[in-house]
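In: Return a 3D structure for these sequence lines:
(2 chains)
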Amino acid sequence: MTDTAKLSTAMAGRSPRSGARDRESRWTPYLFIAPVALYLAVFQGYPLLSEFVLSFTQTSLLAPQDARYVGLRNYRDLATSSDFASVLWITALYTVACVVCAIALGLGAALLLDRPFRGRGLARALVTVPWAAPPVAVATIFAWMLNAQYGIFNHVLKLMDFEIGYESWLDNPKLAMPAILFTTVWQIFPFASVVLLAALQGVSEEVREAATMDGADRLSVFKVAVWPTIQPTVALLALFVTIWSLRRFDLIWVMTQGGPIGATKTLVIELYTRGFVTRELGEAAAVGMIGLTIALVVTFVYFWYTQRTERAQGRR
Amino acid sequence: MRSPASHAVRMALIMVLLSAALFPIYWMVVTSLTSSANLFADRPQMLPDPSQAFNYAETFAKTSVLLWLRNSAIVAVGTMVLSILLAILPAYALSRFTFRGKGLLGFVLFATQMLPEAMLVVPLYAIFAKLLLLDTLGGLILANAAFTVPVITWILKGAIDGVPLEIEEAARIDGCSRIDIVLGIVLPVVAPTLAAASVIAFFHGWNEYVFAQTLVLSQELRTASVGLASFVGELSTPIHTVMAIGVMYTLPAVAFYLMVQRYVVAGMTAGSVKG
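Out: Below you'll find the predicted structure:
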């Protein structure tokens, strides 16, 4: 938040109580937020709560009225299941790879598009197109491009003289996850680059020039002038991409449904499969609560980290 | 100044970047304009073949794509209108008032970012069944807006933070009510951000898949995302037909996005960078 904005917020905080002309009740803000609070309570709060309750029951999608309380059994089963351990492992790999690749590519793109050149506005607009494309359409087109016999990927690989025997990307347990990852990163790196482009505007030209005149090479200029400015944005992006990867459903579901043999089964795919394929709502809910706990922990770590860096910078 | 050589390298890299970003969409268009015979040829056809444009007419005739697109448009516009209507007042309250529970509200708005749609879909299914919202486009709109309202509120709050208080003060002295001020003075000032927020909500509704897949059962209420996904792994529909549907689903969104991307980018960066 800018200083002016902070100031105006602070002033605004006092203003309702300041003048005698102000006959506004102190309930006004609550009236303003009541509709949204009610709405979110019905469509987010209540479902979340019932999901929590559900996670301690054995409930079938086919007969939800026959729910049976089973205590921690769903969680215990998950904790001892080697399949679920593999789901967690796949989710972790997918998430970390998404964060690293999307931010690295996004930063590369942002640095390329930062300095002025002819057509920069157009280039900046076009690079964000993948982000505007509907995920299901993205999944469909990538599935076709990755097709074993007629896909353009294999064709190009063949042209480059790679010895491949019509690799079936999405049917191969070793290649399916890299293929999904590639697709996801294609879709989200533009977001990272747009946000980083905005952050790059905050880089001080003076510091950059001073560093350049001192004869620093590009990497050092980046370290001294660019990185400290964009570092908070990178951290925030990492948080967002982490949460999005934990949530990502449409793309993976349409491309592989978690297969082959569970190779692309992330937490959310596991949750959906248990809920709507094997129809065990209680187990699905337990998976969901574990996923949510992970998201909360990640967020907590992010806030702890930013607080710590802010304090460290304040002391400097 | 950098040397011409490094400039050339940079321009080359930018071309590679743009090709990588745009190729899949180009390929979707090409595939939709490829004859059935050429689809399975040894060498893929690299350019669109205009003589295959009739594939689009056939796609209209053979599938319900127009109906799906119409449903998607209804859901997207509905999500947009509902989230804006719901977000304006809380955004103003978060920006201009201090009140007990403000921090909690801020946290709740942030926390919705963490909830996977897939996780809420089971309980939502039960709630929708009770409220008779199952199998309605209105229900989809209500479910989608629950995910867009928090982000929209946050973006609008950021914009309202930047509106000088003096503008409001004058109106208050003239006896305008808070609602008058919000609607008559603050909203016009933050109109560009409002536009950005609307578009972001529109896209969410246009793209959404999980709810559309599970909370709607009737064929005639399918959205384009569900309709398109239903072809994946199905062998009876030719791939150029599937890609034609993909094009009709993707290109309007991308074209619309390119027209308004200035606003969207401004709104998105305001919403995320400020955090």
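In: To what extent is residue A:66 buried, counted in neighbours?
Out: Residues lying near residue A:66 (other C-beta atoms under 10 Å in any protein chain shown) number 10. Every C-beta, even on glycine, is put in place using the N, C-alpha and C of the backbone.
In: With residue A:155 instead?
Out: Residue A:155 has 17 nearby residues by other C-beta under 10 Å.
In: could you point out which element follows the strand or helix carrying it?
Out: According to DSSP states H and E, residue A:155 maps onto helix A:152-159. Downstream of helix A:152-159, the next assigned helix or strand under DSSP H and E is helix A:176-200.
In: Just checking the distance from that next one to the centre of its chain.
Out: 10 Å (C-alpha atoms, centre = their mean, to the nearest Å).
In: for that helix, packing partners?
Out: Other elements packing on helix A:176-200 under the criterion 3 or more C-beta pairs under 8 Å, 6 or more residues apart in numbering or on different chains; DSSP states H and E are helix A:82-114, helix A:120-127, helix A:129-132, helix A:135-145, helix A:227-247, helix A:250-255, helix B:4-32, helix B:239-273.
In: list the contacts for residue A:62?
Out: Contacts for residue A:62 were tallied using C-beta atoms under 8 Å, 6 or more residues apart in numbering or on different chains; they are residue A:279.
In: so how far is chain A from the closest residue to residue B:244 other than its chain neighbours?
Out: Counting by C-beta to C-beta, 6 or more residues apart in numbering or on different chains, residue B:244 lies nearest to residue B:32, which is 4.1 Å off, once chain neighbours are set aside. Per C-beta to the nearest C-beta, to the nearest Å, residue B:32 is found 10 Å from chain A.
In: Surely residue B:32 touches residue B:247?
Out: Yes. Applying C-beta atoms under 8 Å as the test, residue B:32 and residue B:247 come out as touching, 5.0 Å apart.
In: Indicate whether the helix holding residue A:155 makes contact with chain B.
Out: Yes. Shown here: helix A:152-159 in contact with chain B (C-beta under 8 Å from any C-beta of the partner chain) through A:152, A:155.
In: mean confidence for that helix?
Out: Average pLDDT, helix A:152-159: 86.
In: how distant is that helix from the center of its chain?
Out: Offset of helix A:152-159 from its chain centre (C-alpha atoms, centre = their mean): 31 Å.
In: Buried residues of that helix, list them for me.
Out: Going by neighbour count (16 or more other C-beta atoms under 10 Å in any protein chain shown), the buried part of helix A:152-159 is A:152, A:153, A:154, A:155.
In: can you list those residues in CSV and add distance to residue A:140?
Out: Shown next, in CSV, are those (distance: C-beta to C-beta, whole Å):
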residue, distance to residue A:140
A:152, 14
A:153, 15
A:154, 18
A:155, 18
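In: do whichever strand or helix holds residue A:282 and chain B meet at all?
Out: Secondary structure assigned from DSSP H and E places residue A:282 in helix A:281-315. Yes. Contact of helix A:281-315 with chain B is found when judged by C-beta under 8 Å from any C-beta, involving A:281, A:284, A:285, A:288, A:291, A:292, A:295, A:296, A:299.
In: now those residues: which count as buried?
Out: Buried by 16+ other C-beta under 10 Å: A:281, A:284, A:285, A:288, A:291, A:292, A:295, A:299, out of those.
In: Need the max-distance pair from the residues you listed.
Out: A:281 and A:299 (26.3 Å; C-beta to C-beta).
In: which residues of the chain score low on pLDDT?
Out: With no chain named, the answer covers chain A. For chain A, the stretches with pLDDT under 70 are A:1-24, A:163-166, A:314-316.
In: oops, I was thinking of chain B
Out: Residues of chain B meeting the criterion pLDDT under 70: B:1-2, B:270-275.
In: how about 50 then?
Out: For chain B, the stretches with pLDDT under 50 are B:1, B:273-275.
In: Break down it into its strands, ranges please.
Out: According to DSSP state E, chain B carries no segments that qualify as strands.
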